[in-house]
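Asker: When you get a sec, could you give me coordinates for this:
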Amino acid sequence: MSVQGLGRVKTQRRANCREKYPIGSPLWEREQHTELRRRGIGEAGSLPFARFHVFTRPGSFASVWRRTDDFRSTPKNRHRPRPSACLKGARAGHFSAAVGSPNPLSLRELLCYKLLLWRFLNLAARTKHRRSQEEAMSVDPYQIYRSAFGSQAIRSAWAKSYGDQFWEASDPPLSQATFDDIKFLIQRLDPGTDSKLADLGCGSGCVGRYLAKEFGTHVEGIDANPLVIRLAEELAASSKMTQFLLFKTGDISNTGWAENHFDGVFSMDVLLFVADKRAALKEVARILKPGGRFVGTSWELRKASAALPAPAFDEYPSALKDAGFTIEVYEETRDWRNLLTCALGALVASEGAVRREVEGPAAAMLLAWARARPPELEHSRRVRFCVQRNM
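Answerer: Next up is the predicted model:
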């Protein structure tokens, strides 16, 4: 037979098969398999794969592929795949007997398929979990924390909102000190080259760096967060002020400093986070020289804050007196509510820029604080104080 004649025969056979069985059906594939064998191509082992449809749930089926050399040799089981066959498109736990296939799968074979698929999915899940752990370990928490202080969007939000009250040396959002706050601190502490001051809850150390640069004052800072201590030390080194500045990680309720060690102590917006404020104030009195001053700002909270978080406390005057201080100034800071509300609103308005500049979960935490804090301000009051240790 010529090549053209052979081609016409093949075309006619395909057409007859399509008319007899729907394309893609198990019987259609079996007919294709039989035709190839009839043409001498389908001897045992010559066809690499064949496919059967296994119904997994009503209206859906999976394709079961198996090698032809996995067929059992007996005529009864020649179209039944062995458990080593590959499985595609199926979901574990939804197998039933093959409907419409020449020979349904046995229960034992289906259980084998389910076991193989479960092992594959379990391996994939473990691999994904291991990769997520490796990615988490590769992220540096310090770099995430530091990116918030280097964000131009955050600094711009504070600068525009605070206006002439924005203190250029501050590091928002951790430092919310205004120009008036720093002016008040300098007037009350009267820092000089022979002064030794303590910064409780120093954060990035911006106040200490300013006093060291402008007045040559020696400042020792303490903070519970080791990340901000690392940041403070790096900023002190970059500003070439390490001879005046010393920072350490610790608890301001138990600083470890000697008694009567400092000429003055200051703390900016940190006392509200301390669990035992009365113990912290007694520690301040212990490390302060008799007659020395304790100056700073804090927040009175009539209700516990979920945004910060911080416990409720508004009894600073009585706690200061009980710790051995004489109150010289205790007053509400000027225009604090409007300044903070505008700054937080500007921060939320710059959400896109903040998420680009601040790494990891720090951006989400910062924006969540900016949204949750304003409704709590009606139960808050920002105050500044200057107290002197009794002789």
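Asker: List the buried residues in the longest strand that the chain contains.
Answerer: The strand that spans the most residues within the chain, counting by DSSP state E, is strand 288-301. Going by neighbour count (16 or more other C-beta atoms under 10 Å), the buried part of strand 288-301 is 288, 292-301. All C-beta spots, glycine's among them, are computed from the backbone N, C-alpha and C.
Asker: Out of those residues, the closest to Phe184 would be?
Answerer: Lowest distance from Phe184 to these (C-beta to C-beta) belongs to Val295, with 7.3 Å.
Asker: In the sheet, which residues pair with the closest one? Tell me.
Answerer: For Val295, the beta-bridge partners are Phe266, Cys386 (DSSP bridges).
Asker: Point out where the stretch 101-250 of the chain drops to low pLDDT.
Answerer: 101-108, 132-139 (pLDDT under 70).
Asker: tell me the contacts of Asp223?
Answerer: By C-beta atoms under 8 Å, 6 or more residues apart in numbering, the contact set of Asp223 is 201-203, 229, 232, 247, 249-250.
Asker: what do you get if the cut-off is 7 Å, keeping everything else the same?
Answerer: Shown in contact with Asp223 (C-beta atoms under 7 Å, 6 or more residues apart in numbering): 201-203, 229, 249.
Asker: Please list only the buried members of the residues you listed.
Answerer: Neighbour-count burial (16+ other C-beta under 10 Å) applied to the contacts of Asp223 gives 201-203, 229.
Asker: Tell me, how many residues neighbour Arg334?
Answerer: Arg334: 13 surrounding residues under other C-beta atoms under 10 Å.
Asker: What is the nearest of the buried ones among the contacts of Asp223 to Glu315?
Answerer: Nearest to Glu315 among these, with distances taken as C-beta to C-beta, is Gly201, at 19.3 Å.
Asker: Assess the claim that the closest one and Val270 are in contact.
Answerer: Yes. Look at Gly201 against Val270 with C-beta atoms under 7 Å: they come within range, at 2.8 Å.
Asker: CSV please, covering the buried ones among the contacts of Asp223 and showing secondary structure and distance to Ile182.
Answerer: Formatted as CSV, those follow (DSSP: H, G, I helix; E, B strand; the rest coil; distance: C-beta to C-beta, whole Å):
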residue, secondary structure, distance to Ile182
Gly201, coil, 16
Cys202, coil, 15
Gly203, coil, 14
Ile229, helix, 22
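Asker: right, and out of those residues, which lies closest to Lys282?
Answerer: Nearest to Lys282 among these, counting by C-beta to C-beta, is Gly201 at 16.4 Å.
Asker: can you pull the contacts of the closest one?
Answerer: Contacts of Gly201 (C-beta under 7 Å, 6+ apart): 223, 252, 267, 270.
Asker: hang on, Ala198 in a strand?
Answerer: Yes. Applying DSSP: H, G, I helix; E, B strand; the rest coil, one finds Ala198 inside a strand.
Asker: Having no further points to raise, I will conclude here.
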